[in-house]
Each structure stands twice: as C-alpha cells, then as structure tokens.
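Peer 1: sequence and predicted structure below; questions after.
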Amino acid sequence: MAETLITYLEYPFVRNALIVGVLISLCSSLLGVTLVLKRFSFIGDGLSHVAFGGIAIAAVMNVTNEMLIVLPVTVISAILLLRTGQNTKIKGDAAIAMISVGALAFGYLLMNIFSSSSNVSGDVCTTLFGSTSILTLSSWEVALCIVLSILVVLIFVLFYNKIFAVTFDEDFAIAAGTDANRYNLLVAVIVAVIIVLAMNLVGSLLISALVIFPALSAMRLYDNFKSVTICSAILSVICSLLGMIISILGGTPVGSTIVAVDVAAFIICYVAGRFLKGAKK
Amino acid sequence: MALITAKDLCIGYDSDALIKNLNFSINSGDYLCIIGENGSGKSTLMKTLLGLRSPLSGEIIKGEGLKDNEIGYLPQQTQIQKDFPAAVREIVLSGCQGRAGLRPFYTKEEKQLAETNMERLGITHLRNRCYRELSGGQQQRVLLARALCATRKILLLDEPVSGLDPKVTQEMYDLIASLNKDGITIVMISHDIAQAVHYASHILHIGERIFYCSTNDYLMSAPGRLFVTPGKGGFKEWQKH
Ligand SMILES: Nc1ncnc2c1ncn2[C@@H]1O[C@H](COP(=O)(O)OP(=O)(O)OP(=O)(O)O)[C@@H](O)[C@H]1O
Ligand SMILES: [Mg+2]
C-alpha cells in the first residue's frame, strides 16, 4: 500500500491536490469556531450554494475563469448575509436558508436551460460533491489557492485577538472602541474566500462539514479559545490528509471521504471529551 | 466642556420613547449614580450613551477629547453563548483590545494590567478556568476585571454589585471609589440608594419624573428625603403629586 501511495505521489497533480487540500482545510477550520459560536454554522452552506449559482452563471456566460465570477459574487453575498444577521427582523438562520435554497434552485435552472454540455446532471453532481476537481486543478488555480490560503492564515493570525473580542461580546467590544462592524466584515470576506477555495476540495454541499466539524471536535476537548482554535486547525489538516490518502488508495470520492473522516474524528473527540471530563471530577 | 453631554435626549425602542427630553452632563471626575425602577430605561440610557443604540432624537456630545477606546463598560447581562470556550484570562485580556487599537498583539504592559485587575478582583486563581463553568458572581467579577482593563477615562457600570456577596460588594464600592479618586469618571446604575447617596457626587433619577442634580441637592429634595427616610409610600407618593 505504501508503494502504491509513493507511485501516486510521483504524479504532480496528486502532490498539488495534497498541498492545496492541506491549506484549504487549515483555512476553513480557523474561522469554524467563530462561525459556530455566532450561530452562523450554516453560513458555509448558504454561501456555497451561492457559489454554485455563481458557477452556473459562469458556465452560461462561457467564462473560462470561473473564479473571476464566483469569488466576487460569494464575497458580496457573505457581506449581505452578515449584515442581515445582525440587525434586521429576518433572523440570520432564515436569511441564510432563503439565499442558499434560492441560489441552488437558480443555479440548477440556469445550468439546465443554457448548458451546452450533454451531461448536465454529471456536471451538477461534480459541482455539488466536488468529485474530482481537486485532482484537475490547473497550475493557475493551484497558485491562486496557495496565495489566498496564506493570506487567510496571515490575516487570521494578525486579527486573532480582535476576532476573539468581537466574537465573545460584540457590545462590549463596540463600547470599548473596537469597530466591530469592520471585523464582522473581515470575517465575512474571509469566509467567502475560504468557501470558494473549499469548493474544489469537497464540493459545495459538503463545505459546512469542513468548517464546522473540526471546531466542534476541538470544543469537546478544550475549553479555551486559543487551544480550541489550534486543535481544530490540527485536526482539520490531519483529517483532510487522511481522507485524501484513503480516497487515492481506495478510489473513493475525495470530498465525502474527507467528511467521513471528520465525522469519525468528531465521534472520537466526543467520547474522549466525556472520558476526560469524567476523569477530572 | 463636559466629558459627555446629553442634549434633549429621547431614548427608547422602535419610536416608543422611554425617556424624553433628557438633559445632563457628566464632567471629568464625576461619580454619577443612575437610579430608578425596573424597566424605567436605565440600561437603555447607558447603551445609548455608549453608542450601542442610537437615540430617537437629541444628541450625545463627547467632549474633552474623550475617545471611544478610553471607555470601560460592564453590561447588566451579556448574551454570551453557553458553549463559548473562553478562559478567564483570555476574557480579561480582551478588555485591553480598545487600547491596542490596530496593533495585532498585546504588549507586556497590557498583559500585566490584566493580571493586576484579576488580582484586584480576587480571581487570579480562576485564570485558567472556563468562563461558562463559573458561578454567577465569579462571572460578574471577570467582566468587571475586563471593564477595568478598558477604562482609561470613564467607567460605565450597569448594576455592578448584583450577584456579589456582601464582602465583595463592599470591596467593589471601595474599589470604584478609589478609581474615582484617581480621576476616573464613574457612571453607575444601582438599586442600592443608600450606597449611591454615600458615594456618588451626582444622582440621575429616572422615572415618571426625571431628576438630575448633585447628591447634596438630592438629599434635600422631596424624592431624596422620602427615599432616605424610611416611611410608608415614599417615592411613589412623591411621583403622584
Ligand atoms: N431589546 C428591546 N426591545 C424592545 N424593548 C426593550 C428592549 N430591551 C428593553 N426593552 C424595554 O425597555 C424598557 C427599559 O428597559 P431597561 O433594560 O432599560 O430597564 P432598566 O431601567 O435597566 O431596568 P432594570 O432595573 O430591571 O435593569 C423595559 O420596559 C423593557 O421592556
Ligand atoms: Mg437594567
């Protein structure tokens, strides 16, 4: 088995996929804690459906570089979603559900009506579950993924303390002179970027799993923000690597294998957390 | 020029005014106590002063170069999610966020300040504990330590002693008084009139009648006398007039 793996690793596209996969899972886990705690777990879901709609538009317009359309559309939606989540009568959850289902239906409709490809449902399935896109990334996309991931990690580290303050108690942060809106906006934009990146890895239906599971798993084990963040980053990277290797060796679809590993890790952490709490008492 | 001036201020929710035409000013070094019944709008007033809510009409003028990041605030209740994983020291340190400005990390001095304030409130032994696993009074002290970290000119406290035991309550009042002596302006909401009258330099009374004056004037006034001298009817009777 190790030999098979080494043979595969000789292909540059496999190496690229592993590098990009690790970076994407690292990014997506960083903001997971914040999103879970702000009750925005489904924002990933909503935005990924928006991104799906964006891909449909790009396909219809015959744009070769999908990212150029998908990225701005998703970023703008993220900003709108976080805005509505804060101070309107439509609750964050409902707004996200509305946008997400709407974009999904709209995207599928567009693809069906205008698509020139003969295999529409195959295309849709690929976009939703990301079956092979991670293995077919062009070198341009790989470079973009790497640059954006490094940017996301850098911004997160630099603004870590502010993101903590605003996530923990927005009112206090505002009262003490922190511009909470600015940081909410920052979080929204980063989330949108991560989602567009992560669509390549797990497809748009499974992104929330990538965002939420590592954070939830880490919260079983640790009870301070820093440890939870670090632990969820490590867990996420390990699970994605494991998932990708299993899928290469076993020929299973990449996205769902990674998510399955994430679920398994959550169950292990849940049990371990129970055990540790019991031991402390 | 006062630190904070309220001019013809109307506050409330969805155009229902709770308080109308409020005029007062808080000068540097003042110790203002806001008193009034439950639901009279004290917390709402404080949030409006802090800019968390916008006033229905009128304005709040900040003077003497008071900047937003020189203000400490202790909320009455915080809707912090039950499952938030945050250690006490992380929360207290986040009080220094305002002074850090755009700087990404905390300095040694800021970390030291957080330690000092934890010591002041006797929560040093809890520093690595998870906030959600603390008792109500312990949580209150954590939030107070955080507020102290943020305070440089003015400290706004919404019922700071609720949930504290008698010993810590007295220590709290002493601590606030000593901060005030060091030049920090205090605005405090309280239901403890005896303490308010004892410590405060000014009283803002919110109710059907609104009353703003120095503590001495308040003691001489009808509502003040009725409040301080225990009797039947008391404040209610005065309001009926
Ligand atoms: N978010 C809100 N939306 C609408 N009305 C509110 C809201 N919060 C408070 N109110 C109403 O505004 C009034 C004043 O509330 P506020 O919290 O300012 O009272 P308070 O004087 O601080 O009372 P307490 O002594 O109990 O703390 C109450 O009648 C309350 O029902
Ligand atoms: Mg109140």
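Peer 2: Perfect, I can see it now. Ligands and ions are numbered 1, 2, ... in the order given.

Peer 1: now the host helix or strand of residue B:186, how far from the chain's geometric center?
Peer 2: Assigned by DSSP states H and E, residue B:186 belongs to strand B:185-189. Mean-position distance between strand B:185-189 and its chain equals 5 Å (C-alpha atoms, centre = their mean, to the nearest Å).

Peer 1: the very next helix or strand once past that strand and ligand 1, are they touching?
Peer 2: Next helix or strand after strand B:185-189 toward the C-terminus (DSSP H and E): helix B:193-199. No - Helix B:193-199 is not in contact with ligand 1 by C-beta under 6 Å from any ligand atom; minimum separation 12.8 Å. To be clear about C-beta, it is placed using only N, CA and C from the backbone, and glycine gets the same treatment.

Peer 1: if we can go back for a sec, so what touches the strand holding residue B:186?
Peer 2: Residues from elsewhere that reach strand B:185-189, judged by C-beta atoms under 8 Å, 6 or more residues apart in numbering or on different chains: B:3, B:26-35, B:42-43, B:46, B:49, B:76, B:153-160, B:176, B:179-180, B:196, B:200.

Peer 1: can you tell if it touches ligand 2?
Peer 2: No - contact of strand B:185-189 with ligand 2 (C-beta under 5 Å from the ion) is absent, the minimum separation being 6.1 Å.

Peer 1: mind listing the strands for chain B?
Peer 2: For chain B, applying DSSP state E gives strands covering B:4-13, B:16-26, B:31-36, B:57-62, B:71-74, B:154-158, B:185-189, B:202-206, B:211-214.

Peer 1: residue B:85: which of these is closest?
Peer 2: strand B:71-74 (22.4 Å; C-beta to C-beta).

Peer 1: ends of stretch A:57-76, how far apart?
Peer 2: Using C-alpha to C-alpha, to the nearest Å, one end of stretch A:57-76 lies 15 Å from the other.

Peer 1: one more: stretch A:172-186?
Peer 2: End-to-end distance (C-alpha to C-alpha), stretch A:172-186: 19 Å.

Peer 1: contacting residues around that stretch?
Peer 2: By C-beta under 8 Å, 6+ apart, stretch A:172-186 touches A:79, A:82, A:86, A:155, A:159, A:162-163, A:165-166, A:170, B:50-52, B:67-73, B:75, B:78, B:94-95, B:97-98, B:146-147, B:150, B:156.

Peer 1: and if you look at stretch A:60-77?
Peer 2: The contact list for stretch A:60-77 (C-beta under 8 Å, 6+ apart) reads A:46-47, A:50-51, A:53-55, A:57-59, A:99, A:103, A:110-111, A:114-115, A:141, A:144, A:188-189, A:192-193, A:195-196, A:199.

Peer 1: apply 6 Å and report the result again.
Peer 2: A:47, A:50-51, A:54-55, A:57-58, A:110, A:114, A:189, A:192, A:196 (C-beta atoms under 6 Å, 6 or more residues apart in numbering or on different chains).

Peer 1: what count of nearby residues applies to whichever residue of chain B sits closest to ligand 2?
Peer 2: Minimum separation of chain B from ligand 2 (C-beta to the ion) falls at residue B:43, amounting to 3.1 Å. A count of neighbours around residue B:43, defined by other C-beta atoms under 10 Å in any protein chain shown, yields 16.

Peer 1: the strand holding residue B:186 and ligand 1 in contact?
Peer 2: No - under the criterion of C-beta under 6 Å from any ligand atom, ligand 1 is not reached by strand B:185-189; the shortest gap measures 6.6 Å.

Peer 1: next, the angle strand B:16-26 makes with that strand.
Peer 2: 150 degrees (axes from the mean of the first three to the mean of the last three C-alpha atoms, to 10 degrees).

Peer 1: what parts of chain B come near ligand 1?
Peer 2: B:13, B:18, B:36, B:38-44, B:76.
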